[in-house]
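Participant: Coordinates for the following, if possible.
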Amino acid sequence: MKMPRVECPNCTRSIAAGMVAGRLSKGRIWRHDAPDARRDAHGHLLSCAGSLEIVDLPNGQMELPIPEPEPAPEPDQEPADAMALF
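Facilitator: From the prediction side, this is the model:
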């Protein structure tokens, strides 16, 4: 399933956003590193401040495609000369 992409409010990168339970038109931005690759004193990358922020989804609630059921096959026609046994 493809996740909708939204613009991060801090770094303006296009990031995937997952649905938030109970909030149909909202999504949470996935964790991502800042584009300038800031590092802390130990050399580890720091996540962007916009990571995990709740934003509006572009098309409201995500819709999952639901396949339509196939019609039931027609029962075979009895031959014209068949007789009921009971």
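
Participant: pLDDT below threshold where in the chain?
Facilitator: Within the chain, the ranges that satisfy pLDDT under 70 run 1, 37-38, 59-64, 78-80.

Participant: Please enumerate the helices of it.
Facilitator: For the chain, no helices turn up when DSSP state H is the criterion.

Participant: Now for Pro71, how many residues are close by?
Facilitator: Pro71: 6 surrounding residues under other C-beta atoms under 10 Å. To be clear about C-beta, it is placed using only N, CA and C from the backbone, and glycine gets the same treatment.

Participant: What separation is there between it and Ala16?
Facilitator: Distance of Pro71 to Ala16, computed by C-beta to C-beta, to the nearest Å: 38 Å.

Participant: contacts for stretch 36-49?
Facilitator: With contacts defined as C-beta atoms under 8 Å, 6 or more residues apart in numbering, stretch 36-49 is touched by 8, 10-11, 13, 31-35.

Participant: top of those residues by neighbour count?
Facilitator: Highest count within these by other C-beta under 10 Å belongs to Cys8, 22 neighbours.

Participant: List the contacts of that residue.
Facilitator: By C-beta under 8 Å, 6+ apart, Cys8 lies in contact with 14-15, 29, 32, 48, 50-51, 53.

Participant: Phi, psi for the nearest residue to it once chain neighbours are set aside please.
Facilitator: Take Cys8 and drop its neighbours on the chain: the residue closest to it by C-beta to C-beta, 6 or more residues apart in numbering is Gly50, 4.1 Å away. Main-chain torsions, Gly50, degrees, to the nearest 10: phi -80, psi 0.
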